[in-house]
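Novice: sequence unknown, structure follows:
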């Protein structure tokens, strides 16, 4: 059986609101807001809980990762930057964390660099006070990061 596709012409798209660009933008924004509301129903203040969550992930044998962009826009809750913490490949389940009240510098580090969890441990876990050297941040590369930098007008921190 042949594969059938439907492609609307511009006139048909104007007549059908489900196919219009305006409707698709509204729908994307609606679903984005719903998903963020659902993800952030249980919130953790970033500076107070990030070290505890990173250590929990490491103890489970996983690698902590942070997501600061969702659906092509910065994650913000109540006009403050936010991050989603995910534990990759743990030996036991570690619940993802929704961090709010993230300082702008920390949010940028999460978006622009890999292995940012080492820097967060150094900054909030007492490494800075103990005089330990600052961990090296590896830049995230790729077309996605280049698009993010351009879209948000960001520059690399180092």
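Specialist: Everything's here; your move. Note that the coordinates shown come from a computational prediction; the quantities given were computed from them, not determined experimentally.
Novice: can you list the domains in this protein?
Specialist: The chain breaks down by automatic domain parsing into domains covering 9-39, 41-152.
Novice: Least confident of these, on average?
Specialist: In terms of average pLDDT, domain 9-39 trails the rest of those, at a mean of 69.
Novice: now the domains of the chain in a markdown table, with mean neighbour count?
Specialist: C-beta: built from backbone N, CA, C; applies to glycine. Shown next, in a markdown table, are the domains of the chain (neighbours: other Cβ atoms under 10 Å):
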| stretch | mean neighbour count |
| --- | --- |
| domain 9-39 | 11 |
| domain 41-152 | 16 |
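Novice: Phi and psi next, for residue 101.
Specialist: Dihedral pair for residue 101: phi 50, psi 40, per degrees, to the nearest 10.
Novice: next one: residue 80
Specialist: Residue torsions, per degrees, to the nearest 10, at residue 80 are phi -120, psi 150.
Novice: which non-adjacent residue is nearest residue 124?
Specialist: residue 51 (5.0 Å; Cβ to Cβ, 6 or more residues apart in numbering).
Novice: and stretch 119-139, how far apart are its ends?
Specialist: 13 Å (Cα to Cα, to the nearest Å).
Novice: now stretch 96-112
Specialist: Stretch 96-112 end-to-end distance (Cα to Cα) = 21 Å.
Novice: for stretch 56-74, same thing?
Specialist: Using Cα to Cα, the two ends of stretch 56-74 sit 26 Å apart.
Novice: And the contacts of stretch 97-104?
Specialist: For stretch 97-104, contacts defined as Cβ atoms under 8 Å, 6 or more residues apart in numbering pick out 39-47, 49-50, 53, 66, 68, 77-78, 80-85, 110.
Novice: by contact count, what packs against the longest helix along the chain?
Specialist: If you go by DSSP state H, the chain has its longest helix at helix 21-39. Contact here means 3 or more Cβ pairs under 8 Å, 6 or more residues apart in numbering; DSSP states H and E; on that basis helix 21-39 packs against strand 69-70.
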